[in-house]
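Q: coordinates only, sequence not included:
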């Protein structure tokens with residue numbers, strides 16, 4: 001039996017684990033007792049990762065579509081055909097007719113190479129990934145406010161905070177190790193403010209629970225600021241010394257009195273006042289949030305409002321404080337860091353900046369495009385219109401994860417060529433012209449970056465299964481065939497190139513990562529120890545910027561035809577599109593099918609019983625799913641997880657976009673419910 005230290009491939013916590021292998025099978029998992037995040041513990045998904053690695057339906061050889069069906073083929077034919085099709089589309093329709101989806105499940109090195117491939121081989125900036133669907137508004141909003149779009153502080157700081165404000169994050173379910181830190185803090189006496197339209201598990205431990213109407217976050221945040229200023233709880237000295245544009249912002253948020261805000265949000269005014277006093281009452285106050293804040297057409301405004309709140313209290317640039325978005329996947333932070341974005345090169349270096357273009361042109365010995373590319377939803381829309389002709393999708397499953405999947409299917413079926421690399425024949429891969437078998441995290445070396453900016457080593461545990469290849473080798477094969485040489489012997493060489501071109505990763509090398517438990521960026525040079533919390537002396541942008549934001553409506557409001565608000569999310573036992581977790585028998589046994597949570601009173605009104613099949617209908621589609629009657633959801637709301645392809649929640653959701661960050665509104669959708 002061999003044991004290999006690696007990183008969990010599920011959520012953004014980045015827990016350390018040992019995979020136990022015999023011959024070429026991963027037989028089990030053990031947590032690392034010395035790892036700073038896992039500390040000898042794993043969530044139920046982490047304990048069961050070996051099952052999907054060994055799944056009998058792993059894709060183990062390349063497939064090519066012939067006569068309408070996917071057939072087994074050789075690597076040579078698959079790569080030759082893919083290169084030929086991509087080059088032909090580029091020649092006939094131009095580089096802008098091609099699009100790439102990178103992956104938050106793949107390593108930093110693979111995301112960096114795919115970003116490079118997109119720019120040098122295809123000649124376009126049309127590259128994006130699932131961060132667009134979860135935290136694009138975080139990257140945009142926090143960058144505008146602070147100069148950096150990442151978690152300001154570290155996970156372990158939560159345990160010694162005096163106040164934690166959790167907004168739009170079901171933390172104990174979706175980031176269990178972080179949820180455990182919050183509960184530890186409460187045991188030590190911290191006051192917990194939970195803001196969520198559902199009664200989540202954390203509410204049982206909260207000092208106060210604010211339950212706003214979905215889509216009204218800016219209003220309650222502005223109100224907390226109004227109370228803090230009116231009661232002289234704002235840190236005026238900090239505001240004068242370290243921020244700008246406060247007075248303009250103040251003129252707007254002062255309109256949001258507790259009485260006015262109660263009418264908008266449904267939160268009692270006395271609860272708003274209590275929450276404001278708690279948050280402003282200590283220096284050691286941390287804001288934690290996730291997709292309940294970001295996945296709105298006003299998601300960027302929600303994030304900016306939270307940034308405003310933290311600045312008003314002087315809660316940024318210190319330990320146990322800050323604004324802390326929880327990233328949903330193991331390497332969604334890293335995929336953003338590596339430039340798998342249509343407007344940024346690695347390290348958030350703007351593509352339109354001439355100095356950045358010169359630097360990358362010199363390193364890559366080519367001329368990269370300077371035009372901002374398309375986001376994932378924009379690529380899908382352009383594919384429907386026939387303007388995007390070809391796509392390469394690496395390790396993503398938009399046929400389950402993206403909004404309005406009837407529209408997504410139409411787009412993918414309209415492509416002249418679709419290339420997919422994945423571990424399994426997913427719903428997306430099933431539509432492809434070529435499917436390439438990719439390795440799991442256990443079959444390759446590389447790095448993941450977790451939600452607190454910690455870059456950690458992923459280590460090869462077993463040999464590749466069947467004919468699978470790691471994605472970095474797949475990208476190299478394809479690029480070389482298209483006439484753009486990529487020659488790397490090991491991912492450490494790719495990391496050396498990342499360090500050369502990416503200032504915030506400038507001191508990150510494999511030999512340093514192998515010495516301990518990773519490094520938190522920014523890490524500028526070999527002697528730099530990394531950064532546990534940001535903005536200590538100064539903000540990256542100089543002074544932090546207050547931005548006035550006002551409450552605006554969601555894209556869809558309820559009406560007589562669609563009287564319910566649908567909100568989507570994840571559950572404890574499953575993950576994302578279910579590609580991995582639903583191949584773990586222990587997890588699938590716990591929750592084998594999807595369900596819709598409906599308020600007890602709404603269920604009574606519709607004569608719906610527990611476990612009965614219901615139909616949920618939106619303006620875009622309908623699904624059938626079993627009802628779960630619950631007091632956790634408020635009246636007039638429905639919650640559906642999006643893990644289950646048999647009842648895909650994203651058949652219902654809207655692809656309406658935040659105009660700034662281009663994130664779709666997955667958290668608010670008008671629907672109706674019918675008993676079957």
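A: Arrived safely. These numbers come from a predicted model, not from an experiment.

Q: count the neighbours of residue 465 for me.
A: Using other Cβ atoms under 10 Å, residue 465 has 20 neighbouring residues. Placement of C-beta: from N, CA and C, glycine included.

Q: now do it, the pLDDT please.
A: Residue 465 is assigned 95 on the pLDDT scale.

Q: okay, now the domains of the chain?
A: The chain resolves into domains spanning 5-53, 63-132+330-454+463-507, 152-326, 564-675 when parsed by automatic domain parsing.

Q: what about the shortest one, start to end distance?
A: Which is domain 5-53. 16 Å (Cα to Cα, to the nearest Å).

Q: how far is that domain from where the chain is centred?
A: Mean-position distance between domain 5-53 and its chain equals 21 Å (Cα atoms, centre = their mean, to the nearest Å).

Q: what mean pLDDT does it get?
A: For domain 5-53, the mean per-residue pLDDT is 93.

Q: ok, back up a step: redo the domains of the chain as a markdown table? Include distance to residue 547.
A: Shown next, in a markdown table, are the domains of the chain (distance: least, Cβ to Cβ, whole Å):
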| stretch | distance to residue 547 |
| --- | --- |
| domain 5-53 | 26 |
| domain 63-132+330-454+463-507 | 19 |
| domain 152-326 | 5 |
| domain 564-675 | 11 |
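
Q: would you mark the buried spots in the longest strand that the chain contains?
A: Using DSSP state E, we find that the single longest strand of the chain is strand 622-630. Residues 623, 625, 627-630 are the ones in strand 622-630 that count as buried (16 or more other Cβ atoms under 10 Å).

Q: go on, stretch 381-400?
A: Quick answer for stretch 381-400 (16+ other Cβ under 10 Å): 381-384, 388-400.

Q: may I have the distance across that stretch, first residue to last?
A: Distance between the two ends of stretch 381-400: 16 Å, counting by Cα to Cα.

Q: please apply the same query to stretch 116-132.
A: Counting by Cα to Cα, the terminal residues of stretch 116-132 are separated by 19 Å.

Q: out of the domains of the chain, which gets nearest to residue 513?
A: Of all the domains of the chain, domain 63-132+330-454+463-507 sits nearest to residue 513, with 6.8 Å by Cβ to Cβ.

Q: quick one: distance of that closest one to the chain centre.
A: 17 Å.

Q: next: stretch 223-234.
A: How far stretch 223-234 lies from its chain's middle: 32 Å, per Cα atoms, centre = their mean.

Q: residues making contact with it?
A: With contact meaning Cβ atoms under 8 Å, 6 or more residues apart in numbering, stretch 223-234 is reached by 250, 253-258, 260-261, 265, 272-273, 275-277, 279-281, 308-309, 312-313.

Q: buried subset of these as a ChimeraX selection?
A: Here is the ChimeraX command that selects the buried residues among the contacts of stretch 223-234 (16+ other Cβ under 10 Å):
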select :250,253,256,257,258,260,261,265,272,273,275,276,279,280,308,309,312,313
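
Q: in helices, which of the contacts of stretch 223-234 fall?
A: 250, 253, 258, 260-261, 265, 272-273, 275-277, 279-280, 308-309, 312 (DSSP state H).

Q: what strand or helix carries residue 448?
A: Taking DSSP states H and E as the definition, residue 448 sits inside strand 446-449.

Q: can you list the strands that that strand pairs with?
A: Strands that pair with strand 446-449, judged by DSSP bridges, come out as strand 454-458 (antiparallel).

Q: quick check: mean pLDDT across stretch 370-385?
A: On average, stretch 370-385 scores 97.

Q: same question for stretch 279-289.
A: The average pLDDT for stretch 279-289 rounds to 97.

Q: in the stretch 551-676 of the chain, which spans are strands?
A: Using DSSP state E, counting those that start in this stretch, the strands of the stretch 551-676 of the chain run over 564-569, 595-599, 613-617, 622-630, 637-641, 669-675.

Q: need those strands in TSV (columns: mean pLDDT and distance to residue 179).
A: Below are the strands of the stretch 551-676 of the chain laid out as TSV (pLDDT from 0 to 100; distance: least, Cβ to Cβ, whole Å):
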stretch	mean pLDDT	distance to residue 179
strand 564-569	94	15
strand 595-599	96	19
strand 613-617	97	28
strand 622-630	96	20
strand 637-641	94	17
strand 669-675	96	27
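
Q: now those as JSON lines including distance to residue 242?
A: Converted to JSON lines, those look like this (distance: least, Cβ to Cβ, whole Å):
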{"stretch": "strand 564-569", "distance to residue 242": "35"}
{"stretch": "strand 595-599", "distance to residue 242": "43"}
{"stretch": "strand 613-617", "distance to residue 242": "47"}
{"stretch": "strand 622-630", "distance to residue 242": "44"}
{"stretch": "strand 637-641", "distance to residue 242": "39"}
{"stretch": "strand 669-675", "distance to residue 242": "39"}
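
Q: ok, which of those strands comes nearest residue 174?
A: Smallest distance to residue 174 across these (Cβ to Cβ): 7.8 Å, for strand 564-569.

Q: just checking, what packs against the closest one?
A: helix 291-294, strand 637-641, strand 669-675 (3 or more Cβ pairs under 8 Å, 6 or more residues apart in numbering; DSSP states H and E).

Q: for that strand, give me every contacting residue.
A: Against strand 564-569 from outside (Cβ under 8 Å, 6+ apart): 170, 174, 197-198, 214-215, 291-292, 558, 602, 616, 618, 636-642, 649-650, 652-653, 666-673.
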